[in-house]
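Asker: this one's sequence-less:
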C-alpha cells in the first residue's frame, strides 16, 4: 500500500472527526507519539478551522451568549496528553491473554465495529506469516519490530491491507508493545469513499509534477 | 480573545459568540445532528471557549482552529454516546450498496471527481494547495514565494477549500 497516502488519510479522517471511537483513540495516540504526524494533523485542523470561518450560518433559536457564560462545565473529551494510559490504565496491571509463547494481547472493550487491542511481543518473537481480512493498523508504543517491509519503532505505524503477507518479529533487544486496530469490514462507500477519493485526487497532483 | 483571557470581558465574548455560534451550529447540522441537539452542543462548545479560554494559545493556532477542534471533539463524543444511531446509519448504507460493485464505483467516482476538480483549478491554485497541504508552508511564506499579497493567498486558498468541501460531502 502507498504508506504516506494511507497515513495521511487516517490523520485527515481524525482531524475531520469522522473516525469511530476505536480509530479515534488509535489516531490520537499516533499524533501524540509522532511529531511529524502531529504536524500534518495541525495543518489539516487549520484548513478545517478556516473552513469553519466560511461556514454558512444557521442561528440557534434559544441560545444567547449569557447561557454560555453561565453554562456548566462539561468535562468531556479533554485533549489528553496520554491517551493510552487514560484509556487502558497502567499496562502492567492489565489482564493480558497469552495467545502463544511470547505473544500476548489485550482486547479493549469499546463499542465499535473496529477491534482495538494491545499486543505485547517478547524479544525475538515472530508472528507466523499471515494476511488480513480487513485492514490492520499497528502503532508501536514501546520497543520495535521489523518485517519484510522495514523496521518500526516507537511512534511508527504500519497499515496492512488484504494483499499484504508478512512476518513481524519483535526486536531482540527490547521486544515491543503495540496498539492495533483490526477492521472487521472494509467499506469503500458513503462517508469514507469521499475521503479515499480526496486522497486519490491529491495524489494526482504529484503525478502531474 | 485576549480580552476574555485577561479581563473576562463579556462583551468581547458576545462578539465571538455572535460570529461563531451560527457557524458551529451549522457544522453540527451538516453532520446530521438534529437541531435540538446541535443547539445543545453549540452551547457546550461556546461555554468551553468561555470557561477554558486560558487553554487557547494564539501563538500556536488560529482561534477558528481552536474552536473547530472543540466542536469536532464534541461531535465525536456525541456519536460515541449515541453509537446505536450511528450503527443504524451504517446498516442502511450497507443495504443501499449491497448489490453494487463497490470497487468499480469507487474508482469511477474518484476519476470523475479528479477530472472535475482539475477542470476547476488553475495552475496557480494547484501550486498553492500543494504548498499549503504538503509542504506545510504558511500563507505568508506562500505569498512571499509567489510574490502575491497575503490577503490574496488567504482568500484564494479559502476559495479552493470551499470548492473541495463540496467533494467531501
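Answerer: In hand now; what should we look at? Here the structure is a predicted model, which means the values were calculated and not measured.

Asker: buried ones in the biggest helix by length in chain B?
Answerer: Using DSSP state H to define each element, chain B has its longest helix at helix B:10-30. For helix B:10-30, the neighbour count (16 or more other C-beta atoms under 10 Å in any protein chain shown) marks B:12-14, B:16-17, B:20-29 as buried. Just so you know, the C-beta spots here come from the backbone N, C-alpha and C atoms, and that holds for glycine as well.

Asker: helices or strands next to that helix in the packing?
Answerer: Applying 3 or more C-beta pairs under 8 Å, 6 or more residues apart in numbering or on different chains; DSSP states H and E, one finds that helix B:10-30 makes contact with helix A:35-53, helix A:65-69, helix B:2-7, helix B:35-51, helix B:63-81.

Asker: That one vs helix B:35-51, what angle?
Answerer: Interaxial angle of helix B:10-30 relative to helix B:35-51 (axes from the mean of the first three to the mean of the last three C-alpha atoms, to 10 degrees): 140 degrees.

Asker: In chain B, where is pLDDT below threshold?
Answerer: Low-confidence segments of chain B, defined by pLDDT under 70: B:83-118, B:130, B:133-136, B:163-169.

Asker: How is it divided into domains?
Answerer: With domains defined by automatic domain parsing, chain B comprises B:2-84, B:101-168.

Asker: Ok, which of those comes nearest residue A:101?
Answerer: Closest to residue A:101 of the domains of chain B is domain B:2-84 (C-beta to C-beta; 36.7 Å).

Asker: what's the offset of the closest one from the middle of its chain?
Answerer: 12 Å (C-alpha atoms, centre = their mean, to the nearest Å).

Asker: So which residue is dead centre in chain B?
Answerer: residue B:68 (6.5 Å; C-alpha atoms, centre = their mean).

Asker: residues contacting that residue?
Answerer: Neighbouring residues of residue B:68 by C-beta atoms under 8 Å, 6 or more residues apart in numbering or on different chains: A:45, A:48, A:49, A:51, A:52.

Asker: Spatially nearest residue to residue B:58 (excluding sequence neighbours)?
Answerer: In space, and not counting its chain neighbours, residue B:58 is closest to residue B:1: 6.4 Å by C-beta to C-beta, 6 or more residues apart in numbering or on different chains.

Asker: Also residue A:94?
Answerer: Nearest non-adjacent residue to residue A:94, counting by C-beta to C-beta, 6+ apart: residue A:106, 4.9 Å away.

Asker: I'd like the mean pLDDT over the helix or strand hosting that neighbour, please.
Answerer: Per DSSP states H and E: residue A:106 is located in strand A:103-107. The average pLDDT for strand A:103-107 rounds to 91.

Asker: Check which helices and strands the helix or strand just after it is in contact with.
Answerer: The helix or strand immediately downstream of strand A:103-107 is strand A:114-121, counting by DSSP H and E. Applying 3+ C-beta pairs under 8 Å, 6+ apart, one finds that strand A:114-121 contacts helix A:21-33, strand A:103-107, strand A:136-147, strand A:176-183.

Asker: one more time with 7 Å, if that's ok
Answerer: Counting contacts by 3 or more C-beta pairs under 7 Å, 6 or more residues apart in numbering or on different chains; DSSP states H and E, strand A:114-121 packs against helix A:21-33, strand A:103-107, strand A:176-183.
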